[in-house]
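In: Can you look at this prediction? I've put the sequence above it.
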Amino acid sequence: MKIRTSRKTEATIPLSSMADVAFLLIIFFMLTSTIVKESGIELTLPQAKKTEQKKVREKSIVISKKGQYYFNGVPMSPEAIEQSLADMLKDAKDDEARSVTIKADKTIEWQTVVTAIDIVNRLDGIMVLIMEEETAAGASSGPVTATP
């Protein structure tokens, strides 16, 4: 006896009509989203008056390759820098007025940088340390700034 096999049709979903429905939904949401008007309270915001900017004197300590200290471009000893910086920081109240920039060459000994850091810390200043970063080729790529 011969067994008959029935042919079964596979159920498939027509994807072309699904793409049409997706595009229609995208168009619908694009159109309805632009029509929505946001309600809110009309406010007249106050305008700031023109004020004078405070002039903050630059305070920078630069340490050269030879270990020479410069305070605002003038060569000084660490003791003289501490005295000058103390005079500048005695009336400083905000962080911007108390900030001191320390720029050092990457080839100097760390003790010279630590001496400058100690001066700033003793006078309760805010230190910004800038050192040259060395790249793989040996050329510097620019300053790296760290604020403790």
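Out: Structure's in. What do you need?

In: okay, and for this structure, where does confidence drop off?
Out: In the predicted model, the chain carries pLDDT under 70 at residues 1, 34-38, 51-57, 131-148.

In: Would you map the helices across it?
Out: The residue ranges that make up the helices of the chain, judged by DSSP state H, are 15-35, 78-89, 95-98, 110-122.

In: Dump the ones you listed into a markdown table; add distance to residue 50 as well.
Out: To be clear about C-beta, it is placed using only N, CA and C from the backbone, and glycine gets the same treatment. Converted to a markdown table, these look like this (distance: least, C-beta to C-beta, whole Å):
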| stretch | distance to residue 50 |
| --- | --- |
| helix 15-35 | 39 |
| helix 78-89 | 28 |
| helix 95-98 | 20 |
| helix 110-122 | 34 |
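
In: Out of the ones you listed, which gets nearest to residue 46?
Out: Checking these against residue 46 by C-beta to C-beta gives helix 95-98 as the closest, at 25.0 Å.

In: Check the offset of the closest one from the chain's centre.
Out: For helix 95-98, the separation from the chain centroid amounts to 19 Å (computed by C-alpha atoms, centre = their mean, to the nearest Å).

In: For residue 49, find the nearest of the helices of the chain.
Out: With C-beta to C-beta, the closest approach to residue 49 among those belongs to helix 95-98: 20.9 Å.

In: sorry, back to before: in JSON lines: the helices of the chain, plus mean neighbour count and distance to residue 3.
Out: As requested, the helices of the chain are arranged in JSON lines below (neighbours: other C-beta atoms under 10 Å; distance: least, C-beta to C-beta, whole Å):
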{"stretch": "helix 15-35", "mean neighbour count": "9", "distance to residue 3": "36"}
{"stretch": "helix 78-89", "mean neighbour count": "16", "distance to residue 3": "102"}
{"stretch": "helix 95-98", "mean neighbour count": "14", "distance to residue 3": "92"}
{"stretch": "helix 110-122", "mean neighbour count": "16", "distance to residue 3": "92"}
